[in-house]
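*Asks:* Would you be able to build a 3D model of this:
(4 chains)
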Number of protein chains: 2
Amino acid sequence: MTNTTLKKISGLLGISISTVSRALKNHPDISEKTKIRVKELANTLDYEPNANAINLRSSKSNLFGLIVPTVSNFFYESFIAAVEEESRRNNYSLMILQSGDNADIEGENLRLCRQNRVSGIFVSLSSETVDMAVFTKFKEHNIPVVFFDKVPDNNDCNRVCVADALSATIAASAIIDKKKKKILAIFGNPNLLITKKRLHAFKKTIDEKIELIIEHANTSAEAKQLTLNALQQNPDTVFCMSDEILIGAVKAIQKSQLKVPEDIAIIGISNGFIPTLYYPEITYAETSSYKLGKLAFSCMMASLAGSNFIQELTTESLLVEGGSL
Amino acid sequence: MTNTTLKKISGLLGISISTVSRALKNHPDISEKTKIRVKELANTLDYEPNANAINLRSSKSNLFGLIVPTVSNFFYESFIAAVEEESRRNNYSLMILQSGDNADIEGENLRLCRQNRVSGIFVSLSSETVDMAVFTKFKEHNIPVVFFDKVPDNNDCNRVCVADALSATIAASAIIDKKKKKILAIFGNPNLLITKKRLHAFKKTIDEKIELIIEHANTSAEAKQLTLNALQQNPDTVFCMSDEILIGAVKAIQKSQLKVPEDIAIIGISNGFIPTLYYPEITYAETSSYKLGKLAFSCMMASLAGSNFIQELTTESLLVEGGSL
DNA sequence: AAAATTAGAGCAAACGTTTGCGAAACGCTT
DNA sequence: AAGCGTTTCGCAAACGTTTGCTCTAATTTT
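*Replies:* Here you go, the predicted model:
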């Protein structure tokens, strides 16, 4: 069965297309009788307006693009869930694209967004991305870009981030409160902005009287191995900058058959899912990507409303107590 | 800056719109000189064809809809990742919608798909959904529907599922091979089709000489509590039907300070992520939602190619050995 | 009763592409 | 010089909507 159109309805009813269009929209020019006839037929024919035609005619898409390295990630999924929810509430659709951490595919996805005349895009950069020129095109076309998580260095763009410094500070404070003396602190790739921010805040908060072993791990496996080694030095606490690192550290501790928190305490910074998988649950400073999604969306709406106010926003953070500290 | 169109280029070059269109597509009718002039200008003007116009003109969208209860779920995310990858490889875009397990929102999402003239949809039903009439409309319009995971009961539709029976059989066989004697087997909601399938296959495979304690849990917390209780009976093995249940069971075992696998063995059925978070890693029968995504996509492409062959497909399953059995 | 208002509906253009068809302009053959 | 085939391009319609304008009758006003 071919799709129902205004023309089809108008033909069947012997009235003009414009009358049908207006009738369906309750335009006051159209008589009640006509409206009813039109609506009934539209209903039985399962009429659904063609979004492409509407978009073309109106030069609007009510569509957002969202580009992430991968959708299969416990941080992004909550973010996406939040953005999708808000989009629907505001009558927008969402086109989700994965870059696979590949700059070429990212570029391809950006083209797709432009071709679909998206109203705006949310982007978490691929780790390969160096050329920011692609994104300036969006600005030239007045399409807002909201960066999140993996954001660019230059600050003439909209960025929303989790509370990197604050969460690290909160975690450090919690450690201090518990009067811990020797901490193994594991951070991620030292070149990443997120690592720098968290490391700096953490070190700044920790007392000098507390012994600090600082390590860097790129993967969960690295974190595990490195923790196994560092446990020789008998730290009383392990701090993990991210879920990825936490997973490795916990494995190492479980392997070493240490009791948590008696033999060793653990604290992390997390979105909230991973820490609840263990017993005892891991104490963490929350950096909710769901909240980040909400924040990103409001930033997007502000930009669309004409705010040329380029801003960097951060979410809040709070300590969620498990039994690991 | 307003968007570049064929008309704009044609005006600037003093040639007709159709010539511009053909030049950009390397149509043989157009001379090399003209092609070069057109392409250069298109380049400097950042021309990107308007997808809405193309879709309208061609009555095709090259767009798939994907509807899930929530995107924030370690099963769906892999599925989505797979479908997105394949879509891109085949020049399709993906519109991802969440139903929030709400039938109304699901209906709303389906309308959105129709309005956007999607080429096909992937659906995991909300738990509320009872009225299948909404989906028959897609059939009437020749839009393929591929159900996955939460599929309808009636079998006049395309369904792709993970290997429920097979995975349970594999897990049971692994238990038998290890000569275990007393098994705590935890399953999900007994009303769900997936539970019935897995339970049936599991029981059928397990020897009568093996002692079997069968329990049902709806949530991770329930599974934990129930495991704590059942541990009193000293099972030598715990089998978990799903990740959700596994999480609870592992917590209970960690709380009881039992050594795995010496004191107690664990085996599950899983997508593959959760089991790797523990030490030792959990042995599981794999039911990959990533593979399911690939399967769903090929089913979709077959339908689009005109196959009226309604089918139910299942993925394969294999044993992934951790150190927990 | 003539004029003015109003209700109800249609015409046609526009959004940006694609494409069948036709039309110049040119070179080539007889 | 007339006929013919190419090459290169333009015209115009179509996809489905929306909307400013016009038009006809019917109703109201003076």
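*Asks:* give the contact list for the residue positioned nearest the centre of chain A.
*Replies:* Centroid-nearest residue in chain A, with C-alpha atoms, centre = their mean: residue A:79, separated by 3.5 Å. Going by C-beta atoms under 8 Å, 6 or more residues apart in numbering or on different chains, residue A:79 touches A:68, A:148, A:149, A:289, A:290, A:292, A:293, A:296. Where you see a C-beta, it was placed from the backbone N, CA and C, and this is true even at glycine.
*Asks:* Which of those residues fall within strands?
*Replies:* Mapping the contacts of residue A:79 onto strands (DSSP state E) picks out A:68, A:148.
*Asks:* Near residue A:310, how many other residues are there?
*Replies:* 11 (other C-beta atoms under 10 Å in any protein chain shown).
*Asks:* Would you quantify the distance from it to DNA strand D?
*Replies:* For residue A:310, the distance to DNA strand D (C-beta to the nearest atom of the strand, to the nearest Å) stands at 32 Å.
*Asks:* That residue: what's it in contact with?
*Replies:* With contacts defined as C-beta under 8 Å, 6+ apart, the neighbours of residue A:310 are A:155, A:156, A:157, A:158.
*Asks:* If we use 10 Å, what do you get?
*Replies:* Each residue near residue A:310 by C-beta atoms under 10 Å, 6 or more residues apart in numbering or on different chains is listed here: A:155, A:156, A:157, A:158, A:159, A:303.
*Asks:* Confirm for me that the second one is in contact with residue A:139.
*Replies:* This means residue A:156. Yes: counting by C-beta atoms under 10 Å, residue A:156 touches residue A:139, with 9.0 Å between them.
*Asks:* Compare these two (neighbour count), which wins?
*Replies:* A count of neighbours by other C-beta under 10 Å puts residue A:139 above the other of residue A:156 and residue A:139, at 13 against 9.
*Asks:* Next, that one: secondary structure please.
*Replies:* At residue A:139 the chain is in helix, as set by DSSP: H, G, I helix; E, B strand; the rest coil.
*Asks:* Would you mind naming the residues that bridge with the closest residue in space to it that isn't next to it in sequence?
*Replies:* Once flanking residues are discounted, residue A:139 sits nearest to residue A:145: 7.1 Å by C-beta to C-beta, 6 or more residues apart in numbering or on different chains. Counting by DSSP bridges, residue A:145 forms beta bridges with residue A:121.
*Asks:* quick one: contacts for residue A:145?
*Replies:* Contacts of residue A:145 by C-beta under 10 Å, 6+ apart are A:65, A:67, A:110, A:113, A:120-123, A:135-139, A:152, A:157-159, A:300, A:303.
*Asks:* go again using 6 Å as the cut-off
*Replies:* Residue A:145 makes contact with A:121, A:135, A:138, according to C-beta atoms under 6 Å, 6 or more residues apart in numbering or on different chains.
*Asks:* of those residues, closest to DNA strand C?
*Replies:* Distance ranking of the contacts of residue A:145 against DNA strand C, using C-beta to the nearest atom of the strand, places residue A:138 first at 16.9 Å.
*Asks:* now the nearest residue to that closest one once chain neighbours are set aside: how far from DNA strand D?
*Replies:* Using C-beta to C-beta, 6+ apart and skipping the chain neighbours, the partner closest in space to residue A:138 is residue A:145 (5.1 Å). Using C-beta to the nearest atom of the strand, residue A:145 is found at 28 Å from DNA strand D.
*Asks:* ok, residue A:262 - how many residues close by?
*Replies:* For residue A:262, using other C-beta under 10 Å, the count is 7.
*Asks:* and it, which of the three is it?
*Replies:* Under three-state DSSP, residue A:262 falls in the coil class.
*Asks:* how far away is it from residue A:178?
*Replies:* Separation of residue A:262 from residue A:178 (C-beta to C-beta, to the nearest Å): 13 Å.
*Asks:* Kindly report the same for residue A:187.
*Replies:* For residue A:187, the distance to residue A:178 - C-beta to C-beta - is 20 Å.
*Asks:* just residue A:37 next, same as before
*Replies:* Noted for residue A:37: a distance of 75 Å to residue A:178, by C-beta to C-beta.
*Asks:* what's the burial count for the residue in the stretch 151-300 of chain A positioned nearest to DNA strand D?
*Replies:* Per C-beta to the nearest atom of the strand, residue A:300 is where the stretch 151-300 of chain A lies closest to DNA strand D, at 23.8 Å. The number of residues packed near residue A:300 is 25, by other C-beta under 10 Å.
*Asks:* Could you do residue A:212 as well?
*Replies:* Applying other C-beta under 10 Å, I find that residue A:212 has 15 neighbouring residues.
*Asks:* That one against residue A:183, yeah?
*Replies:* Yes: at 5.5 Å, residue A:212 counts as touching residue A:183 under the criterion of C-beta atoms under 6 Å.
*Asks:* Grab the longest helix from chain A for me.
*Replies:* helix A:289-304 (DSSP state H).
*Asks:* And the helix or strand following it, what does it pack against?
*Replies:* Next helix or strand after helix A:289-304 toward the C-terminus (DSSP states H and E): strand A:312-314. Strand A:312-314 sits against strand A:158-161, with contacts defined as 3 or more C-beta pairs under 6 Å, 6 or more residues apart in numbering or on different chains; DSSP states H and E.
*Asks:* Figure out how far the strand it packs on is from the centre of its chain.
*Replies:* Chain-centre distance of strand A:158-161: 10 Å, with C-alpha atoms, centre = their mean, to the nearest Å.
*Asks:* could I have that strand exported to PDB, CA atoms only?
*Replies:* C-alpha atoms of strand A:158-161 as PDB (Å, rounded to 0.1, in the frame of the first residue of the first chain):
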ATOM      1  CA  ASN A 158      30.200  25.000  24.300                       C
ATOM      2  CA  ARG A 159      31.500  22.400  26.600                       C
ATOM      3  CA  VAL A 160      29.800  20.400  29.300                       C
ATOM      4  CA  CYS A 161      31.800  18.300  31.600                       C
END
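*Asks:* so for that strand, what's the average pLDDT?
*Replies:* Throughout strand A:158-161, pLDDT has a mean value of 92.
*Asks:* Adjacent strands (with direction) for it?
*Replies:* Under the rule (DSSP bridges), strand A:158-161 has strand A:145-148 (parallel), strand A:312-314 (parallel) as partners.
*Asks:* right, is stretch A:221-237 up against chain B?
*Replies:* No: remark: stretch A:221-237 sits outside contact range of chain B, by C-beta under 6 Å from any C-beta of the partner chain, the gap being at least 8.3 Å.
*Asks:* Mind picking the one among the contacts of residue A:145 that's closest to residue B:231?
*Replies:* residue A:121 (51.1 Å; C-beta to C-beta).
*Asks:* contacting residues for the closest one?
*Replies:* Applying C-beta under 6 Å, 6+ apart, the residues contacting residue A:121 are A:65, A:113, A:145.
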